Structure formats: structure tokens, C-alpha cells
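In: coords please:
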Amino acid sequence: MKSQLAGTGALLRLALRRDRVMVPVWTLVTTLMVVGMPGSLGSVYATAAERARAAASMNANSSMRALYGPVFGDSLGALTAWRGGVYAAVLAAAMSLIIVVRHTREEEETGRQELLSAAMVGRRAPLTAALLTALVANACVALLVAGGLAGQGAPGAVALGLAVAATGTFFACTAAIAAQLTESARAAKGIAATVLGAAFVLKAAGDAGTGGGRSPLTWASPLGWVENVRAFAAERWWVLLLFAAAVTVQAGAAYALAGRRDLGMSFLSSRPGPAEGRLGTAGALAWRLQRGSVLGWGAGFLVAGVVFGGMADGAADLVGDNDRTREIIERMGGQGGQGGTGGAGGAGAQVAQGAQEALTDAFLATMAGMFGMVAALYAVSCVLRLSGEESGRRAEPLLANAVGRLRWAGGHLAVAFGGSAVILLLAGLGLGLGHGREPGAAIGAALAQLPAVWLIGALAALLYGAVPQYAAAAWAVAGGALALGWIGPALNLPQAALNLSPFAHLPRLPGAQALDPAPLLVLTVLAVALTAAGLGALRRRDMIA
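Out: As a prediction, this is how the structure comes out:
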């Protein structure tokens, strides 16, 4: 066994050096999201009585249970675990699966692992180094979360930090298995991300149907284990043993698979080419390569839209008379009407009904914005497929023939920008169907996110065309926009900080008083200009040798 792990230390140092920017940034974002929550929640619920009423309201609201899970206590620490625990775990899981796939399957796909394996490197050393890198990153998250929340109670802080880190380690092992099954890093990330999405859906469905985290569906999801650790509320330390057992089983499976295949091979081989038909254009080839991604993202957005649309009516019931919570929802989703409950008879009822509808619209706008920010990740992944095709030497045979660089790149950009429109349309359709209203308004709200999505995709195209070695920085831009839009309002960040995201400048639909087309037009023009600049730079530069 020792010989099979030879070179693990050197590969670990190499991986940590390569990730010296990504891991610290991702770790800090995940940590700040959690440790900044007590101050924000303290301004919303200033007294113990307010927190107790809020916890009771949240536990009675199936929509909010599905979105955030149940509340197990009325302390600021317990509310922090409720509001940010699962989402911090999702971020840790995403970080971990990217790390593991990057240092395993991606290294094999690019041919770098073959060069390393020619030296004194054991068969299982690359997988071990990748898992250790993810473990180091998650340990940093655990330490920072525990340290940042220690003031709320040391046992709860440690429990939450360990639960978040354990989730990241769980999905690192999931990604390790996926990396053995597929021949491409893209497919491995897709499999691991699908498992993560399914885990969230299971948890949401279980929590919506049964309170207290008792549903079998909740227990079937590792994200459900995070909430059932019950940080800051009579911690259940034994739940962490479920993570330990699952990690052990998955790691064992990954090591067994790694020992039964040749370098560069996989257990799920891809087809060598299309079984039928012809590809007459570069755009047709790009569609053939990326259609699975479009269909997968579209199906996921449709299902998620139905789920979140069904939660919309519960938003107003949760807010009640809490002006601070109302403000947070409106900052995230739009400027809903501030109608009060005053007045007499029918007039007072109409005002109250109007306020409830305004909050429902703000919630739907929040969900539409969230879909837009996630769609930006899809756009970046599609654009950066160009970088993968170039570094994998698959672009050379095409460009050596009659296909020009602009036609080749344009096909992939068309799939990226057109696919963004398709998946957002499906998200809006799902929101409308789930809420039970005419879907046109929800579709319009989702499609209004397109200019910002296109702008981030265009920035990825510019980075790829001009400085391909830094093209991966587009992920940081998309991730930063997601963090600002989803977490910023809850942390009470100043509007100037929120405005750094292009999504902050979009009209809040549905429910906006008037649609101002100027921001949509400006963002679209900027996207076109950045895309043109990226294509121009690609045309002039040398391809990767």
C-alpha cells in the first residue's frame, strides 16, 4: 500500500499551491456568511420574545421550512444555524467537489497526470492528495466558523463548524467516485452537482411535509443531517457519526475503483462520436457537445421553479408585522408596497391584502433573481468549455480545417447565451405553475435576469479570449454576484456593496411599479461589447501550445 501512495506529499503541496487563491477566498466567503448572521438577526429580532415568536412562525410555515429547515431554538446561535447552516454546507460541498475533480479527473483529461505518473507517484496518490486538499479546506472552514460563533456558545459553534465541514468532506468523496466513473471533468462535476441538488430537494421536501427534521426524506439527505445536528439547541453529536460512516464507505469505493482502471480510462466510457446524422457547422458541434448540460440545467430549473413557486404564499405569513424582515425580503426581491393594516372594514382588508400580495411578489422576485444568479454559473461553464476544448487539443483539428476561430467560438457562445435564456424561461414557467398564477408574469421576471447573466458570460468570454490563463477567474465573478445577491441583504450590507453585482440594477419583477428598460439595455450593450472584445482578442492571440 505504501508504494501506491508514493508521492502523495508532493502532490498535496502542489495542489495547495495551485489552489492558494481559490480555497482561501471560498473559505472566507462561506465563513463570513455564517459569522455575520448573528448581528443581522439581532437587528431583526432584538428581544428573546421576538425570537421566540419568529421561531414559532417559521416552524409553522411549511414554505420556510422547505427553504431553510426547522428552527430548534430561539437563541441567536440557533437562528444562525437555521438561516445559514445548510447554505454554508452547500458552499462547502461545491468547493470540495471542484477541488477533487480538478486534481483527479481534470489532471488525467489534460494529460498532466500521465507525466507525473511517469515519476515515483503511486496509483492512488493523486486521489489521496485531492481528498486531503479538500479535507484541509473544510478543516479551515470548521475552525473559522467555530471561532467566529464561539461568542454564541462554544458547543454549538463547534457542532455547526463540524457539520459544515463534514458535508464538504462527504461531497468530496462523492466527487472522487464520480471522477472514477467518467472520462471528463465536466461530467464528473455534473454528477456530483446532481447529487448535491438531489440532496437539497430531498431535504426541502422532507422539511415541508414534516416539522422538526423528522421526515425520512430529510434523514435521507446529508443536508438534512446538518440541521439535525441541532447546533446551539441541545446538540446531537451522534449525527456526525453518519457523516463519518458515509465518508468511509464512499472513500473506500473511490479507492477500489481507482485501483481497477487504467490512467485516463473510466467505467462509463463516452461515445467516440455521433451515432447518426452529420454536423455541418461549428454551432451544431457545440450544441451536440453541450446539449446534455442545457437539458439537465433546464429540467433542474423547472422542478426548482415549481417548488419555490409553491412557497410564495407562505412568505407574507412568515413576515407578519416584523418591519425588518419585510425590509430584507424587499431588498432581495423588490420594492413591494408598504401597505399597513389600518383602516376600517373592507378598506382595511384591501390594504392588508395588497401588502400581502406585494410581499408575495417580492418573494417571487427574490426567487427569479436567485435563478438568474445561478444561471450565471451555467453561462460561465458553457463559455469556459472553449478553454477545455483548447487545452484538451480537441480544437486543433477543427481550426486546422476551414473552420475559423470566430465560428468555432461563436457556436459555443450561442449555446451559452441561448441556453441561459432557455433555462431561465423554464424557471419562470415553473415559478408560475408552482404559484398557480398566470405564468407570464413569472416568466417575464425570470427572463429579466438575462442581461446580467449575459454580462457575466461575456466577461468570461473576454477573459478567455484575452488572458486564457486567468479565464477561471470568471467563476469568482459569478460566485461573488451570487453571494452579494443572496447573502448581502440578510447581512445588511450597504447598497453600494450590493450594486457591485449587475443583478442589483435589474427591475424587480413581478411587482415593480414601472418597468425601466434602461438598465436592461445598458447591461445588454455591455455584454455585446465585452463579447466582441473577447472574440477580437481570441482572433489575435496564439492558441495554447
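In: pull stretch 20-27 out as CSV, backbone CA atoms only.
Out: The C-alpha coordinates for stretch 20-27 follow below in CSV (Å, rounded to 0.1, in the frame of the first residue of the first chain):
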residue,chain,number,x,y,z
ARG,A,20,-3.8,29.1,-2.9
VAL,A,21,-6.3,31.7,-4.1
MET,A,22,-9.5,29.8,-4.7
VAL,A,23,-9.5,27.9,-1.4
PRO,A,24,-8.9,30.9,0.9
VAL,A,25,-11.5,33.1,-1.0
TRP,A,26,-14.1,30.3,-1.0
THR,A,27,-13.4,29.6,2.7
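In: ok now that stretch, how far from the chain's centre?
Out: 16 Å (C-alpha atoms, centre = their mean, to the nearest Å).
In: offset the numbering so it begins at 185, please.
Out: Okay, residue one is now 185; in that scheme the one you just asked about reads as stretch 204-211.
In: now that stretch: mean pLDDT?
Out: For stretch 204-211, the mean pLDDT works out to 86.
In: what of stretch 655-666?
Out: 84.
In: before we move on, what about stretch 359-377?
Out: 86.
In: quick one: low-confidence ranges for this protein?
Out: When residues are selected by pLDDT under 70, those of the chain lie in 185-186, 247, 448, 450, 453-463, 497-543, 674-675, 695-698, 728-729.
In: change it to 50
Out: By pLDDT under 50, the low-scoring segments of the chain are 185-186, 459, 518-529, 532-536, 729.
In: center of it - which residue?
Out: V558 (6.2 Å; C-alpha atoms, centre = their mean).
In: count of residues packed around G720?
Out: Counted by other C-beta atoms under 10 Å, the residues lying close to G720 total 14. Where C-beta positions appear, they are placed from N, C-alpha and C, glycine not excepted.
In: could you measure from P254 over to N243?
Out: 5 Å (C-beta to C-beta, to the nearest Å).
In: please identify which of the two sits among more neighbours.
Out: P254 (20 against 17).
In: check contacts around the more buried one.
Out: Shown in contact with P254 (C-beta atoms under 8 Å, 6 or more residues apart in numbering): 242-243, 266, 391, 395-397, 411.
In: any idea how far it lies from M242?
Out: 8 Å.
In: tell me, what's touching these two both at once?
Out: Once C-beta under 8 Å, 6+ apart is applied, the residues that P254 and M242 both contact turn out to be W266.
In: for A404, what are its contacts?
Out: Counted by C-beta under 8 Å, 6+ apart, A404 has contacts 386, 390.
In: roughly how far does it sit from A560?
Out: In terms of C-beta to C-beta, A404 sits 30 Å off from A560.
In: what of G393?
Out: Distance from G393 to A560, by C-beta to C-beta: 32 Å.
In: more neighbours: the two, which one.
Out: With neighbours defined as other C-beta under 10 Å, G393 and A560 compare such that A560 has more, 31 against 15.
In: phi first, then psi, for that one.
Out: Main-chain torsions, A560, degrees, to the nearest 10: phi -60, psi -30.
In: hang on, isn't it packed against G663?
Out: No: counting by C-beta atoms under 8 Å, A560 stays clear of G663, with 9.0 Å between them.
In: CA-only coordinates of stretch 244-262 in PDB, if you can.
Out: Extracted in PDB, the C-alpha atoms of stretch 244-262 (Å, rounded to 0.1, in the frame of the first residue of the first chain):
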ATOM      1  CA  ALA A 244     -45.400  26.600  11.500                       C
ATOM      2  CA  ASN A 245     -44.700  27.700   7.900                       C
ATOM      3  CA  SER A 246     -44.100  24.800   5.500                       C
ATOM      4  CA  SER A 247     -42.700  27.100   2.800                       C
ATOM      5  CA  MET A 248     -39.900  28.500   5.100                       C
ATOM      6  CA  ARG A 249     -39.200  25.000   6.500                       C
ATOM      7  CA  ALA A 250     -38.600  23.800   3.000                       C
ATOM      8  CA  LEU A 251     -36.300  26.700   2.200                       C
ATOM      9  CA  TYR A 252     -34.300  26.900   5.400                       C
ATOM     10  CA  GLY A 253     -35.400  23.900   7.600                       C
ATOM     11  CA  PRO A 254     -36.900  23.900  11.100                       C
ATOM     12  CA  VAL A 255     -35.700  26.100  14.000                       C
ATOM     13  CA  PHE A 256     -34.700  24.200  17.100                       C
ATOM     14  CA  GLY A 257     -34.100  27.100  19.400                       C
ATOM     15  CA  ASP A 258     -34.800  30.800  19.900                       C
ATOM     16  CA  SER A 259     -31.200  32.000  20.600                       C
ATOM     17  CA  LEU A 260     -29.200  34.000  18.100                       C
ATOM     18  CA  GLY A 261     -27.000  31.000  17.600                       C
ATOM     19  CA  ALA A 262     -29.900  28.700  16.800                       C
END
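In: can you map out the helices along the stretch 585-729 of the chain?
Out: 589-619, 623-631, 634-650, 657-670, 679-682, 701-724 (DSSP state H, counting those that start in this stretch).
In: ditto for the stretch 285-434 of the chain
Out: Going by DSSP H, counting those that start in this stretch, the stretch 285-434 of the chain shows helices at 289-294, 296-301, 309-332, 338-365, 369-393, 400-403, 406-412, 423-442.
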